[in-house]
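**Q** Build the 3D model from these lines:
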Amino acid sequence: MKKNMIKGLGTALLVGGLLAGCSSGGSGGDAGTVVDVFNIKVETKDQLEAMIEKYESEHEDVDIRLTTVGGGQDAASALQAKFSSNEDPAIFLLGGLSDVEKYQNYLLDVSEMESAKTAIEGTLQGSTVDGTPYGIPLNIEGFGWMINKEIFESAGVDPASIASYDDFAKAVETIDSKKEELGLEAVFGYSGKEDWVTSQFSNHFTAPEFDNDLQVAYKATELTFKYGDRMKEYTDLLNKYNVQPILSLDYSTSVEELFTNNKVAIIHQGNWIVPSLDGIDPEFSKEKLGILPLFVDSDTDGYISAGPSWFWGINKEHDEKVVEASKDFIDWMYTSDYGKQQIVEEFKYIPAHEGYEIDSITDPVSKEVYQMLLDGKSRVWAHNQYPSGFSQTSFFPEYQKYLNGDISWEDLEKTASEKFTEMR
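**A** Now for the predicted structure:
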């Protein structure tokens, strides 16, 4: 049976202190219409704040107050706590159909919004239930192995020559054999402390099991680990050649310390890291950053995962003025000339809407992700359709146990499969 209940007030008390420290008000002051926005994209928090400031300067009667929770914090519980304590936001991010189901009683049908009408065909699927879309796609994001091409080349490995899992494994071994002269701590900087990284990693192996279809993934009552053997191979490889202890490696250490400073050659991330990289080294994403696919159900065809990552939901239960202001802000963000420019140039997003100049995407990896999506070389974000809480409370703990050598892979598959069915 699907789990629809929002956690109670106890959760609110647990994370109340966290939320108090994560809010940043807009510049509207004593504005008549207050719009609370709950954001989890910490890597573009500054850009969103700038977008809000611009909107408020053009709409003096609106005060948009931003709360950002993420980057290692439990954003899902924090959002649930907002609703449990009657502080539910007017605008909040939805991670897929499970979130849509959980909050459906609050969600506005967005089908008549301009930003829904201009959404690229197929991009509303991840927020649509019974033919009704309840969320506006945030952007297109793609993930896989993010690599430092300069390190690969210094090790004598051409990324373009990697055309199978065996090629990838040999490349890893080659780089490891030269890590001292390359100044590396390890080949991989996999963030074993982050449940969302492991959830995304699992997507490469579960999306093909679910026929690369969001609706199939959402309705699935079983997770059989059809491609579990290949997932184990990749897991054993990364764990062997990763910075240790792997379970203590968080996003910030992996991306902002190790990867950016040329201490690891490979991380599992997506094009959303570009703003963080540019903030540290503006040339990194243009000169060094690359992306490699994973070879799962085919030894010759590799795929990244790409598509809309998150969706903006609008809370219909608020005052009509708040709902209208919320709709207007989201439409403005994605359809105004200023908004479209910011989405591409400052947020570094791959747009999920029509009317954008794709050539204006400045970093090569984002262009590559977009092209792979168009070429059918990508998997959908099936992991966002897992049963609510499955990744965080069931799969991730078992995966950590395996990385730590506490359980066998067979134990992991058995427990995770049972939990998937139970939680569905």
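
**Q** Okay, now the unreliable bits of this protein?
**A** Residues of the chain that meet the criterion pLDDT under 70 lie in 1-31, 72.

**Q** in it, which spans are strands?
**A** Counting by DSSP state E, residue ranges of the strands within the chain are 23-24, 33-39, 62-68, 91-94, 128-129, 132-133, 136-137, 140-148, 266-270, 289-292, 304-308, 311-314, 378-379.

**Q** could you redo these as a markdown table and give each row distance to residue 251 and mean neighbour count?
**A** Placement of C-beta: from N, CA and C, glycine included. Listed next are the strands of the chain as a markdown table, based on distance: least, CB to CB, whole Å; neighbours: other CB atoms under 10 Å:
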| stretch | distance to residue 251 | mean neighbour count |
| --- | --- | --- |
| strand 23-24 | 20 | 13 |
| strand 33-39 | 16 | 23 |
| strand 62-68 | 14 | 22 |
| strand 91-94 | 17 | 24 |
| strand 128-129 | 30 | 16 |
| strand 132-133 | 30 | 18 |
| strand 136-137 | 23 | 28 |
| strand 140-148 | 12 | 25 |
| strand 266-270 | 8 | 23 |
| strand 289-292 | 16 | 22 |
| strand 304-308 | 18 | 25 |
| strand 311-314 | 22 | 26 |
| strand 378-379 | 22 | 25 |
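
**Q** which stretch among these comes nearest residue 257?
**A** strand 266-270 (11.2 Å; CB to CB).

**Q** so what does the closest one touch, helix or strand wise?
**A** Other helices and strands packing on strand 266-270, by 3 or more CB pairs under 8 Å, 6 or more residues apart in numbering; DSSP states H and E, are strand 140-148, helix 195-206.

**Q** again, only using 7 Å
**A** With contacts defined as 3 or more CB pairs under 7 Å, 6 or more residues apart in numbering; DSSP states H and E, the packing partners of strand 266-270 are strand 140-148.

**Q** Show me how far the strand it packs on is from its chain's centre.
**A** 11 Å (CA atoms, centre = their mean, to the nearest Å).

**Q** orientation of it relative to helix 195-206 in degrees?
**A** Between the axes of strand 140-148 and helix 195-206, defined by axes from the mean of the first three to the mean of the last three CA atoms, to 10 degrees, the angle is 100 degrees.

**Q** Other residues contacting strand 140-148?
**A** Contacts to strand 140-148, defined as CB atoms under 7 Å, 6 or more residues apart in numbering, come from residues 159, 200, 259, 262, 265-273, 288-294, 304-309, 350-352, 369-370, 372-373, 378.

**Q** what does stretch 248-260 give?
**A** Looking at stretch 248-260 with CB under 7 Å, 6+ apart, the contacting residues turn out to be 71-72, 148, 185, 189-194, 243, 264, 267, 269, 273, 276-277, 280-281, 284.

**Q** Over to stretch 194-202?
**A** 72, 143, 191, 250, 251, 268, 383, 391, 392, 395, 396, 399.

**Q** rerun at 6 Å
**A** 143, 191, 251, 268, 383, 391, 392, 396, 399 (CB atoms under 6 Å, 6 or more residues apart in numbering).

**Q** nearest to residue 48, of these?
**A** So of those, ranked by how close each gets to residue 48 (CB to CB), first place is residue 251, at 18.2 Å.

**Q** on that earlier part again, okay, the strands of the chain in CSV with distance to residue 179 next?
**A** Rendered in CSV, the data for the strands of the chain read as follows (distance: least, CB to CB, whole Å):
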stretch, distance to residue 179
strand 23-24, 41
strand 33-39, 38
strand 62-68, 36
strand 91-94, 38
strand 128-129, 47
strand 132-133, 48
strand 136-137, 40
strand 140-148, 12
strand 266-270, 12
strand 289-292, 18
strand 304-308, 25
strand 311-314, 41
strand 378-379, 30
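
**Q** all helices for the stretch 301-424 of the chain, in order.
**A** Taking DSSP state H, counting those that start in this stretch as the criterion, the stretch 301-424 of the chain contains helices spanning 320-335, 337-345, 364-374, 390, 396-403, 409-423.

**Q** Could you look over those and pick the most buried one?
**A** The highest average neighbour count among the helices of the stretch 301-424 of the chain, using mean count of other CB atoms under 10 Å, belongs to helix 390 at a mean of 22.

**Q** mind listing what the nearest residue to residue 348 once chain neighbours are set aside touches?
**A** If the residues on either side of it in the chain are set aside, residue 348 comes closest to residue 274, at 4.5 Å by CB to CB, 6 or more residues apart in numbering. When the contact criterion is CB under 6 Å, 6+ apart, the partners of residue 274 are 285, 348, 363.

**Q** Now list the buried members of the residues you listed.
**A** Burial by neighbour count, 16 or more other CB atoms under 10 Å: within the contacts of residue 274 this picks out 285, 348, 363.

**Q** how does the chain divide into domains?
**A** Domain assignment of the chain by automatic domain parsing yields the ranges 9-139+309-356, 142-306+380-423.

**Q** Now do stretch 281-290: distance from first to last residue.
**A** Using CA to CA, to the nearest Å, the span of stretch 281-290 from its first residue to its last is 15 Å.

**Q** Start and end of stretch 378-385, how far apart?
**A** The straight-line separation of the ends of stretch 378-385 (CA to CA) is 17 Å.

**Q** what's it in contact with?
**A** With CB under 6 Å, 6+ apart, stretch 378-385 has contacts from 95-97, 199, 202-203, 206-207, 210, 212, 214, 217-218, 303-307, 372.

**Q** repeat for stretch 235-245
**A** Around stretch 235-245, the neighbours that count as contacts under CB under 6 Å, 6+ apart are 169, 172, 176, 185, 186, 187, 188, 189, 190, 249, 403.

**Q** For these, work out which two are farthest apart.
**A** Spanning the widest gap among the contacts of stretch 235-245 are 169 and 249, at 21.0 Å by CB to CB.

**Q** who has more neighbours, those two?
**A** residue 249 (25 against 16; other CB atoms under 10 Å).

**Q** Tell me the spacing between that one and residue 56.
**A** Noted for residue 249: a distance of 39 Å to residue 56, by CB to CB, to the nearest Å.

**Q** Next: residue 112.
**A** Separation of residue 112 from residue 56 (CB to CB) stands at 25 Å.

**Q** okay, these two: which has more neighbours?
**A** Set side by side, residue 112 and residue 56 show unequal neighbour counts under other CB under 10 Å, the larger going to residue 56 at 20 against 9.
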